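[1] fold the stuff below for me.
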Amino acid sequence: MTDTALILVDIQNDYFPSGAWPVAQMEEAAANAARLLTAARSHGDLVVHVRHEASAQAPFFRPGTPGAELRTTVQPTPDEAVIVKHRPNSFQGTGLLALLQNRNIKQITICGAQSQMCIDATTRAAADYGFRVTVIDDACAAKEATFNGQDVPAAMVHAAFMAPLAMSYAKVITTDTYLTT
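    Residues are numbered from 1 along each chain as shown. Below you'll find the predicted structure:
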């Protein structure tokens, strides 16, 4: 076992084009996450799948629905942890921190969705807990947003969150760079 963990955040069916809450570039992000997953397994890294579960009244990730299930391309093996969360921060109200500490994890690699919510919240928390964090830019995806009458395209939302993460919280790199270093 290494001191590195790969955390796949919310790569769930509702975020894909046929889902209830489609996220731009989710297919591409999931394909890159699958590459990271293969590499993590081959290196003996700890793999943690995080699955968001909302309320029965939520527009997506409703408990017991196919949309709340993890995407088949990144399905966990029986020995991989699956953390169920109810908030954007994957540490809040879950056993994630204890799992990482019990396994003596020092470095965390994060991918998944949405860049502006769960990736941002989880990355900041991981850094605050003292982990060395890497975010895989092209294995994360963002959803378009509207604020104060201003429509913000998904690519701009993604960039607006990756920039401050790269400045203060994590090393932000591409899948290819990560897999070749």
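[2] from memory Thr175 sits against Leu36, does it?
    Yes: between Thr175 and Leu36 there is a contact under Cβ atoms under 8 Å: 6.4 Å. No exception for glycine: its C-beta is placed from N, CA and C like everyone else's.
[3] which neighbours do those two have in common?
    Taking Cβ atoms under 8 Å, 6 or more residues apart in numbering as the contact rule, Thr175 and Leu36 both touch Ile136, Ala139.
[4] report the mean per-residue pLDDT for the longest helix along the chain.
    Secondary structure of the chain read by DSSP state H shows that its longest helix is helix 26-43. Helix 26-43 carries an average pLDDT of 98.
[5] buried residues in that helix?
    Met26, Glu27, Ala29, Ala30, Asn32, Ala33, Ala34, Arg35, Leu36, Leu37, Ala40 (16 or more other Cβ atoms under 10 Å).
[6] just those now: which is nearest Pro59?
    Met26 (16.1 Å; Cβ to Cβ).
[7] and Thr146, what element?
    strand 145-147 (DSSP states H and E).
[8] partner strands of that strand and their direction?
    strand 150-152 (antiparallel) (DSSP bridges).
[9] helix or strand next in line after the partner strand, which one?
    Assigned by DSSP H and E, the successor of strand 150-152 is helix 154-168.
[10] need the contact list for Ala160.
    With Cβ under 8 Å, 6+ apart, Ala160 has these contacts: Gln116, Val152.
[11] how near is the spatially closest residue to Thr73 that is not a sequence neighbour to Asp3?
    Counting by Cβ to Cβ, 6 or more residues apart in numbering, Ala34 is the residue found nearest to Thr73 once chain neighbours are left out, at 4.7 Å. Computed as Cβ to Cβ, to the nearest Å, the Ala34 to Asp3 distance reads 23 Å.
[12] same check, this time on Met156
    The value you get for Met156 to Asp3, if Cβ to Cβ is used, is 35 Å.
[13] the longest helix of the chain vs helix 154-168, what angle?
    Per axes from the mean of the first three to the mean of the last three Cα atoms, to 10 degrees, the angle that helix 26-43 makes with helix 154-168 is 40 degrees.
[14] distance from the centroid: which residue in this protein tops it?
    Gly149 (28.3 Å; Cα atoms, centre = their mean).
[15] cool, thanks, talk later.
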